[in-house]
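# Sequence first, predicted coordinates after that:
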Amino acid sequence: MGRGPRRVAAAPAAELVPGFEPESPLEEALAADPVLREGWAWGEPREGHPEGPVGEHVGHLLETIDEWAEPEPLRSELRFIALVHDSLKYRVRNLLPKTGDNHHAKRARHYAEAHTSDERLLAVIELHDRPYSIWRRMRRTGRDQDHALDAMLERIPDHDLLMKFVELDGSTEGKHSEPVEWLRGELARR
């Protein structure tokens, strides 16, 4: 799935992530990293991601961050999370359960740990899809999932940053607003 490694190595970051121009030495390092570049190239249109490659999704997120005009340091934090959050999907082993170290977000967190020790950012990268999973289980079973949500929130040092990124990630084509609204309501209730 996606483009092959040779094409990735030669492709400029802006080709893999439309509109991406590195804005810091950290972003320059990310743009030059073949691991991340391969991750941005990976993917075909699928449920939740009709745009196909991860880089297309990331490009949409970066564009939305610009539209939101967030102040620093929030803007740079959201950009970092967006650039990394889904970029290790290509390394998930499909024959194994997509949990623990074989989950794309856990792999992304491990990758991000080489670039930051900020637990706020690392926790959001690792757990960015968890609210959707909790919401989906609640809808499927008809039972509240307070215990699962509480356990997740205990691991997140910055609930506002999580909410902002979930809103950002959920703003792209193919995503549903109900899980975002549910999380917003649950955070307000707590």
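Received, thanks.
# what's around Phe80, how many residues?
For Phe80, the count of nearby residues is 22 (other C-beta atoms under 10 Å). Using the backbone N, CA and C atoms, a C-beta is placed for each residue, glycine as well.
# Going forward, count from 43.
With 43 as the first residue, the last one maps to Phe122.
# separation between it and Leu104?
Separation of Phe122 from Leu104 (C-beta to C-beta, to the nearest Å): 11 Å.
# Glu196 now?
As for Glu196, its distance to Leu104 is 30 Å (criterion: C-beta to C-beta).
# More neighbours: the two, which one.
Leu104 (21 against 8).
# Name the residues of stretch 186-202 that are buried.
187, 190-191, 194-195, 198, 200 (16 or more other C-beta atoms under 10 Å).
# where's the dip in pLDDT among those residues?
Lowest pLDDT among those: Gln187, with 94.
# So that residue sits against Ile176, correct?
Yes: with contacts defined as C-beta atoms under 8 Å, Gln187 counts as touching Ile176 at a distance of 4.8 Å.
# Could you check how far stretch 167-180 is from the centre of its chain?
12 Å (C-alpha atoms, centre = their mean, to the nearest Å).
# Give me the residues contacting that stretch.
Defining contact as C-beta atoms under 8 Å, 6 or more residues apart in numbering, one finds that stretch 167-180 is touched by 123, 126-127, 147-148, 150-151, 154, 186-187, 190-191, 194, 197-198, 204, 207-208, 211, 220-221, 224-225.
# for that stretch, what is the average pLDDT?
Stretch 167-180 comes out at a mean pLDDT of 96.
# Check stretch 105-119 too.
Across stretch 105-119, pLDDT averages out at 98.
# Quote the end-to-end distance of that stretch.
Stretch 105-119 has an end-to-end distance of 14 Å (C-alpha to C-alpha, to the nearest Å).
# same thing with stretch 179-187?
Using C-alpha to C-alpha, one end of stretch 179-187 lies 8 Å from the other.
# How about stretch 54-63?
For stretch 54-63, the separation between the terminal residues is 10 Å (C-alpha to C-alpha).
# In it, which residues are buried?
By 16+ other C-beta under 10 Å, the buried positions in stretch 54-63 come out as 55, 57-59, 62.
# Same question for stretch 133-149.
Residues of stretch 133-149 classed as buried: 134, 145-149 (neighbour count, 16+ other C-beta under 10 Å).
# Show the contacting residues for the spatially most central residue of the chain.
Residue closest to the average C-alpha location in the chain (C-alpha atoms, centre = their mean): His127, at 3.0 Å. Shown in contact with His127 (C-beta under 8 Å, 6+ apart): 147, 150, 167, 170, 207, 211.
# could those residues be laid out in TSV, adding secondary structure and distance to Asp160?
Output for the contacts of His127, formatted as TSV (DSSP: H, G, I helix; E, B strand; the rest coil; distance: C-beta to C-beta, whole Å):
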residue	secondary structure	distance to Asp160
Ala147	helix	16
Ala150	helix	14
Ile167	helix	10
His170	coil	15
Phe207	helix	13
Asp211	helix	19
